[in-house]
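**Q** sequence-free structure coming up:
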């Protein structure tokens with residue numbers, strides 16, 4: 001990487017969506033014939049761009065109307081805790097050189113008057129400052145201390161970044177290949193005092209596509225799930241990516257669910273035609289540009305930004321999802337029948353549960369067919385509670401991903417002492433995050449009804465159940481009734 005000392009360096013950025021190229025100066029001019037120029041008032045610049053076809057895409061030769069000029073802005077706030085400054089709509093990009101000016105007043109803690117720094121952009125309004133270009137790229141800000149001093153505190157960009165349109169192919173996509181970008185900096189008071197720099201940037205880019213993994217179920221906690229499953233790496237370089245994710249409900253329902261994440265989960269289950277729209281905004285930083293007189297040195301960073309949007313129509317068929325609960329209903333029915341001749345009291349209790357579960361089972365099917373998502377949730381939870389649902393004989397087809405086993409909802413073990421920690425398939429505590437209201441406990445097949453020997457507590461942070469007395473040798477069964 002060429003340094004920012006003893007030369008002119010500049011940042012080149014391509015935006016694939018707007019089909020533009022931006023150039024901004026990132027030099028400190030040390031050792032050049034511009035070293036003594038005041039960047040706050042005297043620095044100017046002209047840009048020339050030659051496209052991969054050899055045609056001149058842009059060329060400004062008028063020193064009276066330069067592309068790059070000095071532009072001062074007033075700092076309005078600072079945050080020492082985050083080492084950040086605020087200028088509303090600052091327009092800076094990461095790596096851009098700026099000159100700090102305290103206007104002969106008190107300096108901001110950590111900064112020195114009339115000194116060049118490099119921007120670390122956080123938002124359109126907030127940014128940090130780095131001591132070097134490399135520190136800016138690595139997001140290593142200067143430690144700011146104290147509060148914003150009284151009086152005017154300014155930052156002057158030694159450039160106003162210029163943006164030009166890229167040439168396009170017949171299909172409207174930008175022309176790819178090697179671009180030649182020339183930056184000519186000069187003294188506003190003496191146009192004969194100047195410094196040129198030529199950069200070669202190889203824009204060799206194939207736009208990625210966006211795809212989704214989509215699933216739905218009425219038995220799992222997440223009723224509808226969509227994942228933007230792409231890897232957006234280009235030439236081995238992974239971008240910085242931000243997401244927008246929208247699930248549009250069936251037209252009969254209307255509305256949508258929006259997330260700024262790569263995964264969208266919703267516990268609302270609507271059957272019918274849905275539409276999923278995802279957007280991934282990717283910014284890559286490449287290092288395959290070089291300066292014309294620096295071809296044997298390390299290559300130069302440049303950036304590329306592309307916004308990729310994908311849409312997928314998807315029909316959720318919930319009419320068969322009622323079958324997910326058949327194993328639960330059958331389990332309760334079998335337990336009821338087993339008590340018919342052996343324990344009339346348990347039989348009557350289980351029969352009452354089965355009749356109520358059967359009513360909810362019928363209502364669940366009606367709710368699914370009618371697209372009443374809130375009612376679906378209510379009936380599904382009630383069936384799980386009444387049946388101590390632990391379907392082990394079925395699996396849920398996760399559309400677009402494959403077949404996965406049901407979520408485990410029953411844990412059984414012979415315990416020693418007063419504690420029991422149910423473990424999942426990965427030997428992790430299964431009840432972390434749950435409360436006593438989320439579980440049902442049986443001791444030797446008898447419901448833990450709160451008597452002295454069956455009182456218990458659940459530590460949510462550890463997933464450990466502690467009983468009121470020793471239960472060595474007892475068979476403890478724990479059912480999760482929370483979806």
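**A** Received the coordinates, thanks. Quick caveat, the model's predicted, so the values are computed rather than measured.
**Q** list the buried residues in the lengthiest helix in the chain.
**A** The residue-count maximum for a helix in the chain (DSSP state H) belongs to helix 344-370. For helix 344-370, burial by neighbour count (16 or more other C-beta atoms under 10 Å) applies to 346-347, 350-351, 353-354, 357, 360-361, 363-365, 367-368. To be clear about C-beta, it is placed using only N, CA and C from the backbone, and glycine gets the same treatment.
**Q** how about stretch 85-95?
**A** Under the neighbour-count criterion of 16+ other C-beta under 10 Å, stretch 85-95 has 85, 86, 87, 90, 92, 93, 94, 95 buried.
**Q** which residue sits closest to the second one, ignoring its sequence neighbours?
**A** What that stands for is residue 86. Spatially, and ignoring its direct neighbours in sequence, residue 86 is nearest to residue 77 (3.9 Å; C-beta to C-beta, 6 or more residues apart in numbering).
**Q** which residues touch the spatially most central residue of the chain?
**A** The centroid of the chain falls nearest to residue 261 when counting by C-alpha atoms, centre = their mean (4.4 Å). Listed by C-beta atoms under 8 Å, 6 or more residues apart in numbering, the contact partners of residue 261 are 243, 245.
**Q** what is the burial count for residue 272?
**A** Residues lying near residue 272 (other C-beta atoms under 10 Å) number 15.
**Q** which strands or helices does the helix or strand hosting residue 477 pack on?
**A** According to DSSP states H and E, residue 477 maps onto strand 475-480. Packing contacts for strand 475-480, counted by 3 or more C-beta pairs under 8 Å, 6 or more residues apart in numbering; DSSP states H and E, involve strand 410-414, strand 439-443.
**Q** next, the angle from the first one to strand 475-480.
**A** Okay, so that is strand 410-414. Angle of strand 410-414 versus strand 475-480, following axes from the mean of the first three to the mean of the last three C-alpha atoms, to 10 degrees, is 160 degrees.
**Q** and strand 410-414, which strands flank it?
**A** strand 475-480 (antiparallel) (DSSP bridges).
**Q** contact partners of the strand it pairs with?
**A** Against strand 475-480 from outside (C-beta under 8 Å, 6+ apart): 388-390, 409-415, 420, 422, 430-431, 434, 438-445, 465.
**Q** which of those count as buried?
**A** With neighbours counted by 16+ other C-beta under 10 Å, these contain buried members at 388-390, 409-411, 415, 420, 422, 430-431, 434, 439-443, 465.
**Q** secondary structure class of the residue nearest to the centre of the chain, three-state.
**A** coil (DSSP: H, G, I helix; E, B strand; the rest coil).
**Q** for residue 241, see how far away it is.
**A** Using C-beta to C-beta, to the nearest Å, residue 261 is found at 11 Å from residue 241.
**Q** same deal with residue 358?
**A** From residue 358 to residue 241 the distance is 49 Å (C-beta to C-beta).
**Q** repeat for residue 76
**A** Taking C-beta to C-beta as the measure, residue 76 falls 30 Å from residue 241.
**Q** try residue 213
**A** Going from residue 213 to residue 241 by C-beta to C-beta gives 17 Å.
**Q** show me what contacts residue 75?
**A** Shown in contact with residue 75 (C-beta under 8 Å, 6+ apart): 85, 86, 87, 108, 148, 153, 154, 155.
**Q** let me see the ranges of the strands in the stretch 1-150 of the chain.
**A** Along the stretch 1-150 of the chain, counting by DSSP state E, counting those that start in this stretch, strands occupy 10-15, 20-25, 43-50, 56-59, 68-69, 71-74, 77-79, 84-86, 97-101, 115-121, 126-130.
**Q** other SSEs contacting the fourth one?
**A** Taking 3+ C-beta pairs under 8 Å, 6+ apart as the contact definition, the neighbouring helices and strands of strand 56-59 are strand 43-50, strand 162-165.
**Q** tell me the strands beside it, with direction?
**A** strand 43-50 (antiparallel).
**Q** and the strand it pairs with, what's its mean pLDDT?
**A** Mean per-residue pLDDT for strand 43-50: 89.
**Q** what of stretch 163-170?
**A** Mean predicted confidence for stretch 163-170 is 93.
**Q** quick check: buried residues in it?
**A** For stretch 163-170, by 16+ other C-beta under 10 Å, it's residue 166.
**Q** swap in stretch 223-240?
**A** Residues 223, 224, 225, 226, 227, 228, 230, 232, 234, 239 are the ones in stretch 223-240 that count as buried (16+ other C-beta under 10 Å).
**Q** among those, which two are most distant?
**A** 223 and 234 (35.0 Å; C-beta to C-beta).
**Q** how near is residue 10 to residue 210?
**A** Look at residue 10 and residue 210: by C-beta to C-beta, they are 32 Å apart.
**Q** out of these two, which sits in the more crowded spot?
**A** The neighbour count for residue 10 versus residue 210, taken as other C-beta under 10 Å, is higher for residue 10 (27 against 18).
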